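sequence first, then the predicted structure, then my questions.
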Amino acid sequence: MLWMAEVPDSTIKLQGVTVTGKSKRDYQMKSSQSSVQVSHDFLETNLAGSLMQTLEGIPGVKAMSIGSGQSKPTIRGLGFNRMVVSENGIKHEGQQWGDDHGLEIDQFTVDHAEVIKGPAALLYGSDAIGGVLSLYTNHVPLSRFEGAVQLFGRTNNEQMGASARIGGKHDRFFYRAHLTLIDYADFKVPTDSIQYYSYWIPLKDQRLRNTAGLERDGSLVFGYSGYHFNTDIHITDSYSKSGFFANAHGLEVRLSDIDYDHSRRDIDLPMQSVNHLNVLSHTTWRDEQWAIEASLSYQNNLRKEQSEPISHGYMPTPWSTMERRFNKSTYSAKLGMKVQPGEHHTISAGINTEYQHNRRSGWGFIIPDFETFSFGGYVFDKYSVSERLILNAGLRYDYAQTHIHSYHDWYKTPVGNDSVYKERSADIHRHFNSLTWSAGVNYNVGHWVIKANVGKSFRVPIPKELGADGINYHIFRYERGRSSLDPEESYQLDAGINWSNDVLNIQVDPYVNFFPNYIYLNPTSEYVEGLQLYHYTQAKVLRYGFEAQVNYAITTHWEAELKGEYLYAEQKSGEKKGYTLPFSTPWSAEAGVKYSFNWRGEGFLGMNVHIVGAQNEIVPPEKPTDGYWTLNAAAGKHFSLGKNTVKVALHADNLLNKRYYDHTSYYRLIDVPEPGRNLSLMVGLDF
């Protein structure tokens, strides 16, 4: 087990999530930041198309749909490189700088998760400026042999999948092995046609052509679990292949000889494939008053984007289908310790370092080759004044350097009376450093728990922001970086107010966030090579909002839940001063009721209404998005089969097949609505 996780030993079941903790109060007093623990049972019961869709029920957490069965995590409207996804304490490093790249993580291997809302750069470094999603796959088997098998499917994209796990423990040695296979067809949307750049495009059987895909995941874990010493080695490999919506990738449907309507399960050009390999070693030593944790990790992310070799602009017809290829290797090391020098103090300290090496190839260009190196160290003190009052404070220093390589087109472009090999990226060396801090307080009295946290966070500009210059067909725009960008800083104040008794739990989490130099892609009215130009810029940005949740146990069998979130963002400087940020999250609310029963095993039936407001706060030339509501239902049942346990979970999303648009989805730009009615079924056997 990871001592840094401090995972308690019982659960409090809520409608939206299952929060893990010794008690509601113990969990609330654990940290001055807003955080939620998610159990393995919740992940199984709420299984959706992706890990982030499964976690969407948590207020403040959203899955940004990017098509082809993929979705990106956002916390309080911040995603991409503004939040960290951590696997067993090490940051997951894929090609997350790409807007159409999902997480290369097998959600079936996750034992439990923690969502930290708000800045967490003190412990996690750059990129944790918006929050952290920590995933743990550190369950130690309790018997000599155990396992689980799950079969699952979805109706909307005709998904079929299976996942199997085996493991065992002999004396203090243990092992685990996991395999997941998933196949799905083209997505179905509640419309017969879409409009893309003034073209009306009919959809056969209301399906998005060429959005089918597959996923193949495998993992092995070997370890030793003792009272004072634990060590394990994780080897995971995740492979996915999926098509890009053919009508959005240069209108190939109008030009191509490929019959995209031949089969809804074909994966034709244009397509992408991603293979993510992760080898992680994790070791802990502990005693009554101290603990030491060490982690080493190697990650390799190989991404290929293929499309038909068609000339664009001044480019002649390419020689192959390999449009872009990225090969990124990441080496990470982390050392942390925790000591209790006295009855009231708990001091944590640590250092971490990371080196990245990325190489591109193919006839298309969007980002150059690069190397990055980073180093950071922190110290954090948690002081218990009394059982009712806990104070904490910490300090962190980070250093990072980035080397971006020059790149010239392989073909000539006319410039005046001459033709040149156009430079898309210059040779750039940048160095960054920052001192960040955090301080917080937890106080409980009677039925109340009140906490607050204030801090400064820091984020290094990523190579894409510094050196991008090319077409991103998958999200319908031309992107251009800026080599002079400054590091992004953030100052945030978070508060948490909780009142609870035996039947009622009320949670409100307000926050205010100021960026002196927020980095974002600014949409312009210019067009380059037929697509809208977006360029990276910086502006002062003020953000504030809240999440709220009420759970009411009506009887021993019935419970109700009401939850919602609101976010406001405004640019305080720059050419778009007074406007919000692109793709800003609108307000949303959800009301649900759940009936639990215990007839030959635990079970439940539930229904909820999800309401999303209209988003009229936009950045020109963005367009407003209407609000919408959907009706959803869920049911689950556990029952015994001999010495084994059978689990069944059923979800029904968008029961009324509503046609609506998600303001944070890039497909909204080409008039593609969100998926229609979808039923998901999972049947599992634990043995």
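The structure has been received and is ready for your questions. Numbering: from 1, shown residues only.

now Gln206: phi and psi?
phi 60, psi 30 (degrees, to the nearest 10).

test my guess that it contacts Ser193.
No: if you go by CB atoms under 8 Å, Gln206 and Ser193 don't touch, sitting 9.3 Å apart. Yep, even glycine has a C-beta here, placed from its N, CA and C like the rest.

tell me the SS of Glu559?
Under DSSP: H, G, I helix; E, B strand; the rest coil, Glu559 falls in the strand class.

hang on, isn't it packed against Val550?
No: in this structure, Glu559 is not within contact of Val550 by CB under 8 Å, at 10.8 Å.

so these two - more neighbours on which side?
Glu559 (21 against 17; other CB atoms under 10 Å).

the host helix or strand of Ala589 pairs with which strands, and in what direction?
Applying DSSP states H and E as the criterion places Ala589 in strand 588-598. According to DSSP bridges, strand 588-598 has the following sheet partners: strand 558-571 (antiparallel), strand 602-612 (antiparallel).

mind exporting the C-alpha coordinates of the shortest one to PDB?
Below are the C-alpha coordinates for strand 602-612, written out as PDB (Å, rounded to 0.1, in the frame of the first residue of the first chain):
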ATOM      1  CA  GLU A 602     -27.200  -5.800  -1.900                       C
ATOM      2  CA  GLY A 603     -28.800  -3.900  -4.700                       C
ATOM      3  CA  PHE A 604     -30.100  -0.500  -5.800                       C
ATOM      4  CA  LEU A 605     -32.300   1.300  -8.300                       C
ATOM      5  CA  GLY A 606     -31.700   5.000  -9.100                       C
ATOM      6  CA  MET A 607     -32.800   7.800 -11.400                       C
ATOM      7  CA  ASN A 608     -31.600  11.400 -11.900                       C
ATOM      8  CA  VAL A 609     -32.100  14.500 -14.000                       C
ATOM      9  CA  HIS A 610     -29.000  16.300 -15.200                       C
ATOM     10  CA  ILE A 611     -29.500  19.900 -16.100                       C
ATOM     11  CA  VAL A 612     -26.900  22.100 -17.900                       C
END
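
just checking, Asn81 is part of a helix?
Yes: applying three-state DSSP, one finds Asn81 inside a helix.

give me the neighbour count for it.
Around Asn81 there are 21 residues (other CB under 10 Å).

please give me every residue in contact with the nearest residue to Gly676 once chain neighbours are set aside.
Excluding the flanking residues, the one nearest Gly676 by CB to CB, 6 or more residues apart in numbering is Pro190, at 4.0 Å. By CB atoms under 8 Å, 6 or more residues apart in numbering, the contact set of Pro190 is Gln206, Asn657, Lys658, Arg659, Pro673, Gly676, Arg677.

list only those of those residues flagged as buried.
Among the contacts of Pro190, the ones that count as buried by 16 or more other CB atoms under 10 Å are Gln206, Pro673, Gly676, Arg677.

from Lys304, how far off is Ser311?
Distance, Ser311 to Lys304, using CB to CB, to the nearest Å: 20 Å.

unless I'm mixing things up, Asp486 is touching Phe515, no?
No: look at Asp486 against Phe515 with CB under 8 Å: they stay out of range, at 11.2 Å.

more neighbours, these two?
Legend: neighbour count by other CB under 10 Å for Asp486 and Phe515, higher for Phe515 (25 against 12).

my read is the more buried one is in a strand, agree?
Yes: counting by three-state DSSP, one finds Phe515 located in a strand.

host element of the spatially closest residue to it that is not a sequence neighbour?
In this structure, Phe515 finds its nearest non-sequential neighbour in Val541, 4.3 Å apart by CB to CB, 6+ apart. Per DSSP H and E: Val541 is located in strand 531-553.

give the contact list for Ala248.
Shown in contact with Ala248 (CB under 8 Å, 6+ apart): Tyr196, Tyr473, His474, Phe476, Tyr667, Ile670.

recalculate using a threshold of 10 Å.
Contact analysis of Ala248 by CB atoms under 10 Å, 6 or more residues apart in numbering lists 67, 194, 196-197, 201, 208-210, 270, 473-476, 666-667, 669-670, 672.

swap in Arg600?
By CB under 10 Å, 6+ apart, Arg600 lies in contact with Lys637, His638, Phe639, Ser640.

just the buried ones among these, please.
The neighbour-count test (16+ other CB under 10 Å) applied to these identifies Lys637, His638 as buried.

would you format the contacts of Arg600 as JSON lines with secondary structure, distance to Asp626 and pLDDT included?
Compiled in JSON lines, these are given as follows (DSSP: H, G, I helix; E, B strand; the rest coil; distance: CB to CB, whole Å; pLDDT from 0 to 100):
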{"residue": "Lys637", "secondary structure": "strand", "distance to Asp626": "37", "pLDDT": "92"}
{"residue": "His638", "secondary structure": "strand", "distance to Asp626": "40", "pLDDT": "91"}
{"residue": "Phe639", "secondary structure": "strand", "distance to Asp626": "43", "pLDDT": "88"}
{"residue": "Ser640", "secondary structure": "strand", "distance to Asp626": "48", "pLDDT": "88"}
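
how far away is the residue nearest the centre of the chain from Ser386?
With distances taken as CA atoms, centre = their mean, the chain has Pro73 as the residue nearest its mean C-alpha position (2.6 Å). From Pro73 over to Ser386 the distance is 37 Å, taken as CB to CB.

go on, Tyr491?
When Tyr491 is compared with Ser386 (using CB to CB), they lie 29 Å apart.

of the two, which one has the most company?
Between Tyr491 and Ser386, Tyr491 has the larger neighbour count (other CB under 10 Å), namely 14 against 8.

so who does that one touch?
Pro119, Val454, Gly455, Lys456, Ser457, Val512, Asn513, Phe514, Phe515, Pro516.

coming back round to it: comparing the strands paired with strand 588-598, which comes out most buried?
strand 558-571 (a mean of 19; mean count of other CB atoms under 10 Å).

could I get the CA-only coordinates of it as CSV?
Output in CSV follows, covering the C-alpha atoms of strand 558-571 (Å, rounded to 0.1, in the frame of the first residue of the first chain):
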residue,chain,number,x,y,z
TRP,A,558,-34.5,5.7,0.2
GLU,A,559,-32.0,8.5,-0.3
ALA,A,560,-32.0,11.7,-2.3
GLU,A,561,-29.2,13.8,-3.7
LEU,A,562,-28.9,17.3,-5.1
LYS,A,563,-25.6,18.6,-6.4
GLY,A,564,-24.4,21.3,-8.7
GLU,A,565,-21.5,23.5,-9.8
TYR,A,566,-20.9,27.0,-11.1
LEU,A,567,-17.8,28.6,-12.7
TYR,A,568,-17.2,32.1,-13.8
ALA,A,569,-14.0,33.2,-15.7
GLU,A,570,-13.1,36.6,-17.1
GLN,A,571,-10.0,37.9,-18.8
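
centre of the chain to it, how far?
Its chain's C-alpha centre and that of strand 558-571 lie 19 Å apart, by CA atoms, centre = their mean, to the nearest Å.

what's the answer for stretch 431-442, then?
Centre to centre, stretch against its chain (CA atoms, centre = their mean), the figure for stretch 431-442 is 23 Å.

before we move on, the earlier item: which among the strands paired with strand 588-598 is found nearest to Leu179?
strand 602-612 (27.7 Å; CB to CB).

okay, now the unreliable bits of the stretch 151-300 of the chain?
For the stretch 151-300 of the chain, applying pLDDT under 70 flags the ranges 197, 249-254.
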